[in-house]
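Peer 1: Build me a model:
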Amino acid sequence: MHHAAVPHTREAPPQGRPVEDLPPPRHDDDQGPDVGASWSTGQRVRLILVLGVLVALGPLTIDLYLPALPAISEQLLATEAQVQLTLTGLLAGLALGQLVLGPLSDRLGRRPVLITGVAVHGLASVLCALAPTVELLTAARVLQGVAAAASAVVALAVVRDLFSGVAAARTLSRLTLVMGAAPIIAPALGGFLLSHTSWRGVFVTLAGLAVVLVVVAAKLLPETLPVERRRTGGAGEVLRTYRGLLRDRRYVGLVLVAGFAFSILFSYVSGSSFVLQEEFGLSQQQYAFAFGAGAISLIGATQLNPVLVERFHPVRVMQGALVAAVAFTTALLVLVGTGTGGVLGLLVPVWFTLGAVGFILPNGPALALTRHGRSAGTAAALLGCAQFGVGALAAPMVGLVGGGSLGMASVMVGAALVALVILMLVVQPKVLAAPASSARAA
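Peer 2: Next up is the predicted model:
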């Protein structure tokens, strides 16, 4: 077994552009070896558990109310498209919130931004529970998303503060195991809550969870960004940092690949409740089990990922996963388009597709953030914005192409194809996976 080396070298600057104008690929030049390498196993496990619980707030906020979408549509006299916009609003908030909160965490530290964000999430959940119309519910969901962005972006930044390269990919895979329990539990828990209360009770539950997580973060999460490494500039420096990130072609490519991988996932998340319950007649509990099975496939892949990245470069793992995703989503489109196989004709290729996505989600962010350790919060913010921003577009796209199982499958296969094209033409796996000396020569 050999370890695949993730290149940390800076690419040669274009003719006429000074090296100083290029974004620094990582902060190891001023920090030394990965800080997390000296941590004990117990410390790493505790960090992963704490971050996993905190990051799970986002998936829980997305998934917990999915079984209630038809009920919300009925009670608020809203169309399917209007109700799906409550999910789009949440994802848009998650995307835009990270653009602000990521740089803020580079300046103020990780803990204050995270704790404040989770507290605001609790208040937004109360507003959702009280919303009298679908428009106000959507607005409250946007605020909820902005607040939840704090846990998403800070968790990635904390991982990059402590690890890089293969170690970061391995840590993100383990983190996905903890936070990945949320998509499995959330629909079943949502179905249970709906059997005892209304959809408004789901948001009251989220408000209570936010209170618990504020305490967890305050007591158990260490500050991983020392004062001497914090950014001190204002908006101008933030904009210059974003400009530097956008100049890094491979970083941008990896960010877009991660975004379209999320689009595959959210096409299913946004459409599955209506498709499985209304088109195929599943009950709320049956839907929860079907959704949970897909989440198990995704999580299982993320846990196999650390084994694969020890033998193969993470970008090669992503490449194979995207080829598989294109094949599985194409099979899904053919099966639902021809009406073959009934509900299993939809679920089986979806489960395999989610497994393929599970190999993309840890590796794309790990490779992208490894290139920009000195601006981990800002780099994580742009990454998260792309993930949730492109994901937010998936929900209305499903409706625009006709809705139902056919619309959902069409968007999934389209997102997989676009991600593969970007990986091959922009990221260029052959170059990224080359040894450091070869990368320098290229």
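Peer 1: what number of residues lie near Val227?
Peer 2: 8 (other CB atoms under 10 Å). Every C-beta, even on glycine, is put in place using the N, C-alpha and C of the backbone.
Peer 1: and it, what is it in contact with?
Peer 2: Gly109 (CB atoms under 8 Å, 6 or more residues apart in numbering).
Peer 1: quick one: it from Val159, how far?
Peer 2: Distance of Val227 to Val159, computed by CB to CB, to the nearest Å: 20 Å.
Peer 1: Low-confidence bits of the stretch 51-200 of the chain, can you list those?
Peer 2: Residues of the stretch 51-200 of the chain meeting the criterion pLDDT under 70: 176-181, 183-184.
Peer 1: Going by neighbour count, which residues of the helix or strand harbouring Gly244 are buried?
Peer 2: For Gly244, the host element (DSSP states H and E) is helix 235-247. By 16 or more other CB atoms under 10 Å, the buried positions in helix 235-247 come out as Glu237, Val238, Thr241, Tyr242, Gly244, Leu245.
Peer 1: Any chance of the residues you listed in CSV with distance to Leu425 and pLDDT as columns?
Peer 2: Formatted as CSV, the buried residues of helix 235-247 follow (distance: CB to CB, whole Å; pLDDT from 0 to 100):
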residue, distance to Leu425, pLDDT
Glu237, 32, 81
Val238, 29, 82
Thr241, 26, 85
Tyr242, 23, 86
Gly244, 22, 88
Leu245, 19, 89
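Peer 1: Relative to Val216, which of those is nearest.
Peer 2: Ranked by distance to Val216 (CB to CB), those are led by Val238 at 29.0 Å.
Peer 1: and the closest one, what does it touch?
Peer 2: Counting by CB under 8 Å, 6+ apart, Val238 has contacts Pro103, Arg231, Thr378.
Peer 1: what's the answer for Phe260, then?
Peer 2: Val390, Ala415, Ala416, Val418, Ala419, Ile422.
Peer 1: Please identify which helix or strand holds Ala293.
Peer 2: Per DSSP H and E: helix 284-311 holds Ala293.
Peer 1: just how off-centre is that helix within its chain?
Peer 2: A distance of 14 Å separates the centroid of the chain from that of helix 284-311, by CA atoms, centre = their mean, to the nearest Å.
Peer 1: Buried ones in whichever helix or strand comes after that helix, by neighbour count?
Peer 2: Proceeding N to C from helix 284-311, the next assigned helix or strand is helix 314-338, under DSSP H and E. By 16+ other CB under 10 Å, the buried positions in helix 314-338 come out as 314-319, 321-322, 324-333, 335-336.
Peer 1: What ranges in the stretch 301-442 of the chain fall below the confidence cut-off?
Peer 2: Using pLDDT under 70, the flagged stretches of the stretch 301-442 of the chain are 373, 435-442.
Peer 1: Now do the strands in it.
Peer 2: With strands called from DSSP state E, counting those that start in this stretch, the stretch 301-442 of the chain shows none.
Peer 1: what angle sits between the helix holding Ala293 and helix 314-338?
Peer 2: Angle of helix 284-311 versus helix 314-338, following axes from the mean of the first three to the mean of the last three CA atoms, to 10 degrees, is 150 degrees.
Peer 1: Going by neighbour count, list what's buried in helix 284-311.
Peer 2: Buried residues in helix 284-311 (16+ other CB under 10 Å): 284, 287-288, 290-292, 294-299, 301-302, 305-306, 308-309.
Peer 1: other SSEs contacting it?
Peer 2: When contacts are defined as 3 or more CB pairs under 8 Å, 6 or more residues apart in numbering; DSSP states H and E, helix 284-311 sits against helix 165-179, helix 181-194, helix 249-274, helix 314-338, helix 342-360.
Peer 1: how far is the last one from where the chain is centred?
Peer 2: In other words, helix 342-360. 18 Å.
Peer 1: by how many degrees do it and helix 165-179 diverge?
Peer 2: Going by the same axes, to 10 degrees, helix 342-360 makes 140 degrees with helix 165-179.
Peer 1: buried sites along helix 342-360?
Peer 2: Here helix 342-360 shows 343, 345-360 as buried, counting by 16+ other CB under 10 Å.
Peer 1: Alpha carbons of that helix, in CSV - could you do that?
Peer 2: This file holds the C-alpha atoms of helix 342-360, laid out as CSV (Å, rounded to 0.1, in the frame of the first residue of the first chain):
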residue,chain,number,x,y,z
GLY,A,342,-41.7,0.8,-11.1
VAL,A,343,-40.4,2.3,-7.9
LEU,A,344,-37.3,0.0,-7.9
GLY,A,345,-36.5,1.2,-11.4
LEU,A,346,-36.1,4.6,-9.8
LEU,A,347,-34.6,3.8,-6.4
VAL,A,348,-31.9,1.3,-7.4
PRO,A,349,-30.0,3.6,-9.9
VAL,A,350,-30.5,6.5,-7.5
TRP,A,351,-28.9,4.5,-4.7
PHE,A,352,-25.9,3.7,-6.9
THR,A,353,-25.7,7.3,-8.0
LEU,A,354,-25.6,8.6,-4.4
GLY,A,355,-22.8,6.1,-3.7
ALA,A,356,-20.8,7.6,-6.5
VAL,A,357,-21.5,11.1,-5.1
GLY,A,358,-20.1,9.9,-1.8
PHE,A,359,-16.7,9.6,-3.4
ILE,A,360,-16.8,13.1,-4.7
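Peer 1: OK, contacts around the closest residue to Arg107 other than its chain neighbours?
Peer 2: Leaving out its chain neighbours, the residue that sits closest to Arg107 by CB to CB, 6 or more residues apart in numbering is Arg231, at 4.8 Å. Residues in contact with Arg231 (CB under 8 Å, 6+ apart) are Pro103, Asp106, Arg107, Glu237, Val238, Thr241, Ser375.
Peer 1: Which residue, neighbours along the chain excluded, lies closest to the spatially most central residue of the chain?
Peer 2: In the chain, the residue lying closest to the centroid (CA atoms, centre = their mean) is Gln387, at 5.7 Å. Nearest residue to Gln387, sequence neighbours excluded (CB to CB, 6+ apart): Phe262, at 4.3 Å.
Peer 1: so how far is Ala394 from that neighbour?
Peer 2: 8 Å.
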